[in-house]
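In: just need the structure, nothing else, for what follows:
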Amino acid sequence: MPWLGSTSFAQVFALRPQLYADYVAFAERIWSDGAVDPQLLELCRLLVAQMLGCPSELRRRTPQAMTAGLSEARIAALSDWRRSTELSAAERACLRFAQGFVLDPHGLTDADAAAVAAHLSPPEMVALVEALALFDGFTRFRLMLGVEG
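Out: Numbers count the residues shown, from 1 in each chain. Presented below is the predicted three-dimensional model:
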């Protein structure tokens, strides 16, 4: 049961209007600035939702990722992403990094970062970590307050 009487993320977050506006602007920028492929971002977002057990986030699809060509077959590959031939080496490296970010950020190693750096530039890595912080933090926010997407 939602603590605040609403099941809508937007309604709950809008109780802090200026913060909500800043959140929306930041989230939109993550998806629209082109710093990281939106398909990669969406795979990471969905892995975070999967790890944290957030059904509303698992059901949602980000339009930019789908427009960029992300298929449901590639999304389904997240169930066994370490071995999937549907996903690229770059995607698997980023998903491994995303998993560490969520489960044990202090456990991420130089080798984990190097695996991502083999595929992403330094600005892209920063953008990926910013996106992971957004996905992880606000998925937890939704779950803690019992609100949907």
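
In: what about residue 83, neighbour count?
Out: The number of residues packed near residue 83 is 8, by other CB atoms under 10 Å. (C-beta placed from N, C-alpha, C; glycine too.)

In: report the central residue of the protein.
Out: residue 45 (2.2 Å; CA atoms, centre = their mean).

In: what does stretch 129-145 rub up against?
Out: 2-4, 9, 12-13, 23, 26-27, 30, 36, 41, 44-45, 48-49, 52-54, 56-57, 97-98, 101-102, 147-149 (CB atoms under 8 Å, 6 or more residues apart in numbering).

In: what packs against the helix or strand of the chain with the lowest mean pLDDT?
Out: The weakest-scoring helix or strand in the chain, judged by mean pLDDT, DSSP states H and E, is helix 9-13 (a mean of 81). Packing partners of helix 9-13 (3 or more CB pairs under 8 Å, 6 or more residues apart in numbering; DSSP states H and E): helix 17-32, helix 122-145.

In: residue ranges in the protein under the pLDDT threshold?
Out: 1-7, 149 (pLDDT under 70).

In: if you set the cut-off to 90 instead, what comes out?
Out: The chain contains residues with pLDDT under 90 at 1-21, 23, 56, 141-149.

In: list the contacts of the residue nearest to the centre of the chain.
Out: 57, 62, 131, 135.

In: let's see 7 Å
Out: 62, 135 (CB atoms under 7 Å, 6 or more residues apart in numbering).
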